[in-house]
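**Student:** coords please:
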Amino acid sequence: MKIIFFVLFFAVSLSLSAQELIVVGGAGISKTDTIAKGNYGFAQARLMIPVSDWLRIGPYVGYTQYSNTGLTVTPNPFLLGKELSYGLSLDSYGHLSYAYTYYVWLNSGLKNVNDKYQDKDFTSITSTKEIFVSGGLFVTDEWLGLFGNNRLMWEYQKPLSATVEAKWKGQDVLGVQPYNKESLRLFLESGIKRFGGGAVNLEPLIHVGYGRDFGRSQNYYEIGGGIDAGIFKDYYRDILKIKAFYRKDFGSNAKGGVCGELVFNASSLIQAFKKNKQ
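**Tutor:** Residues are numbered from 1 along each chain as shown. A predicted model of the protein is given here:
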């Protein structure tokens with residue numbers, strides 16, 4: 001977690017002189033068909049440099065740390081993982097019409113993942129190299145219309161290679177295959193009604209999502225809601241978002257579980273202060 005806060009602090013400091021440094025961090029809890037309880041924290045930074053009137057390109061870096069307790073046996077298996085992502089980011093924003101603005105971004109690159117797994121007398125350390133693609137599309141009604149703020153976001157990752165070091169009661173175990181960490185997640189957030197119109201706007205939102213865990217050959221769905229605070233500066237920017245949603249495997253007899261997430265955009269907060277002073 002200290003690394004996450006350091007990345008956020010360093011990135012916010014740079015944003016004072018950068019073309020535009022977009023810094024996002026957050027934390028969450030998870031409970032699903034396979035996770036009894038889990039938590040995670042993350043930080044991301046994108047330095048966006050204009051290359052034309054409608055396109056910006058820049059480097060991307062992200063860090064995530066997570067821990068999960070499984071449901072399969074007693075005592076429950078435990079997983080501790082860390083991810084370092086790096087690559088390129090592209091984004092664009094503008095007007096679709098007089099009232100509607102858009103913002104679209106795409107991140108792509110490589111990811112180094114380290115997982116430590118323990119299940120009673122069995123332990124393993126897995127190092128995985130992955131490719132990833134993530135991004136989103138915001139379409140916003142500047143006139144505060146009903147369901148006028150919609151965000152479609154996606155995440156995909158696919159392993160390129162993986163190595164496993166496994167032990168049983170301290171003795172090396174050979175031939176252990178790595179878990180297939182390929183995954184896809186799509187989700188839509190739709191703002192019900194925005195309130196404000198000043199420096200900061202507030203809105204309740206609906207969350208619906210779909211995902212596939214290729215390692216389990218299992219699809220799942222998400223449904224829930226939350227609240228968002230944001231501003232307009234060229235396009236709509238989230239400052240703080242808190243949401244909770246129910247995640248459940250399709251066709252499973254398991255109960256699923258409730259997940260929660262808080263996302264904080266440090267760059268948007270700086271923009272809000274600047275806007276308030278104007």
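**Student:** report pLDDT for the nearest residue to Lys233 once chain neighbours are set aside.
**Tutor:** The spatial neighbour of Lys233 that comes closest, neighbours along the chain excluded (Cβ to Cβ, 6 or more residues apart in numbering), is Gln271 at 4.7 Å. Yep, even glycine has a C-beta here, placed from its N, CA and C like the rest. Gln271 is assigned a predicted lDDT (pLDDT) of 75.
**Student:** local confidence estimate at Phe214?
**Tutor:** Phe214 carries a pLDDT score of 96 in this model.
**Student:** quick one, strands of this protein?
**Tutor:** With DSSP state E, the ranges of strands along the chain come out as 21-30, 35-47, 49-50, 56-70, 78-95, 100-119, 122-141, 149-168, 171-173, 183-191, 201-213, 218-233, 235-249, 257-265.
**Student:** make JSON lines from these and add mean neighbour count to it.
**Tutor:** JSON lines is the format used below for those (neighbours: other Cβ atoms under 10 Å):
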{"stretch": "strand 21-30", "mean neighbour count": "20"}
{"stretch": "strand 35-47", "mean neighbour count": "20"}
{"stretch": "strand 49-50", "mean neighbour count": "12"}
{"stretch": "strand 56-70", "mean neighbour count": "18"}
{"stretch": "strand 78-95", "mean neighbour count": "17"}
{"stretch": "strand 100-119", "mean neighbour count": "17"}
{"stretch": "strand 122-141", "mean neighbour count": "18"}
{"stretch": "strand 149-168", "mean neighbour count": "16"}
{"stretch": "strand 171-173", "mean neighbour count": "10"}
{"stretch": "strand 183-191", "mean neighbour count": "19"}
{"stretch": "strand 201-213", "mean neighbour count": "18"}
{"stretch": "strand 218-233", "mean neighbour count": "18"}
{"stretch": "strand 235-249", "mean neighbour count": "19"}
{"stretch": "strand 257-265", "mean neighbour count": "18"}
